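> sequence and predicted structure are below.
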Amino acid sequence: MPSPHASSPTEPLNRLFAALADGNRRAMVDRLSRGPASVSDLARPLAIALPSAVKHLAVLEAGGLVLSDKAGRVRTYRIAPDAFGGLEAWVAERKAMWHRQFDALDALLAAQDTP
């Protein structure tokens, strides 16, 4: 039986989806897509307290979406270079599967139309 603490291959994707499940976190990702920002800069437009913003950013960091740097008392966040790589691969796999199924259906229908 696997250990309950063992990481599954889908765990990074699960963390990414969980991170994107919250509207405030998606807004932060949208803001960071325009360039790096401090915690204060990210919290201000959302009208949330700094501790709440820090918690949201920790979830985004655990999800592999953002990276942070600290200079003095200011922590600055930025989008991770391959933030959406896992998501893009997951979507591409499903898209390819659907295309194969539709191609098979198309071939079946074409064969039925042939006398």
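Structure received. Given the structure is predicted, the values throughout are model-derived calculations rather than measurements.

> quick check: pLDDT value at Leu20.
Leu20 carries a pLDDT score of 95 in this model.

> any idea how far the closest residue to it other than its chain neighbours lies from Ala47?
Sequence neighbours aside, Arg26 is the residue nearest to Leu20 in space, at 5.9 Å (criterion: Cβ to Cβ, 6 or more residues apart in numbering). Backbone N, C-alpha and C define where each C-beta goes, glycine included. Remark: distance between Arg26 and Ala47 (Cβ to Cβ, to the nearest Å) = 16 Å.

> what about the two, which has more around it?
Summary of the neighbour comparison: Arg26 and Ala47, criterion other Cβ atoms under 10 Å, with Arg26 having more neighbours (14 against 7).

> assign a three-state SS to the more buried one, would you?
On the three-state scheme (DSSP: H, G, I helix; E, B strand; the rest coil), Arg26 is labelled helix.

> what ranges do the helices span in this protein?
For the chain, the helices identified by DSSP state H occupy 11-20, 23-32, 39-43, 50-62, 85-113, in order along the chain.

> quick one, the last one and helix 11-20 angle?
What it means is helix 85-113. In terms of direction (axes from the mean of the first three to the mean of the last three Cα atoms, to 10 degrees), helix 85-113 departs from helix 11-20 by 100 degrees.
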